[in-house]
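Chemist: Just to be clear, the model below is a prediction. Sequence and coordinates:
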Amino acid sequence: MVSDISMGNPNLMTAVDTSVLKKSMDTNEALMNELIEGMEGVSQASAPQVSSSSGLDIYA
């Protein structure tokens, strides 16, 4: 079915593919930004534990 559409109107398929690709890239960028923010938050939260000078450090 897809081949029928692309044979009939390749410009339409190109437009659809480009739109899907753009949306996918935007989604990936948003997810990557959330991941980076999350990792920064975790590293800041765990920094006091890492720099702790006590003899026994317990990590949950």
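Modeler: Yep, that arrived.
Chemist: Please count neighbours and contacts with C-alpha atoms only from this point.
Modeler: Fine.
Chemist: which residue ranges form the helices in this structure?
Modeler: With helices called from DSSP state H, the chain shows them at 2-8, 10-50.
Chemist: Would you format those helices as TSV with mean neighbour count included?
Modeler: Putting these into TSV (neighbours: other Cα atoms under 10 Å) gives the following:
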stretch	mean neighbour count
helix 2-8	10
helix 10-50	12
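Chemist: Least reliable of the ones you listed by average pLDDT, please.
Modeler: When the helices of the chain are ranked by mean pLDDT, helix 2-8 comes last with a mean of 54.
Chemist: distance of residue 18 from residue 29?
Modeler: Separation of residue 18 from residue 29 (Cα to Cα, to the nearest Å): 16 Å.
Chemist: ugh, typo on my part, it should be residue 10
Modeler: For residue 10, the distance to residue 29 equals 28 Å [Cα to Cα].
Chemist: and if you look at residue 41?
Modeler: Residue 41 is 18 Å from residue 29, by Cα to Cα.
Chemist: for residue 39, same thing?
Modeler: 15 Å.
Chemist: cool, and residue 17?
Modeler: 18 Å.
Chemist: Repeat that for residue 40.
Modeler: 16 Å.
Chemist: Right, I'll call it a day here.
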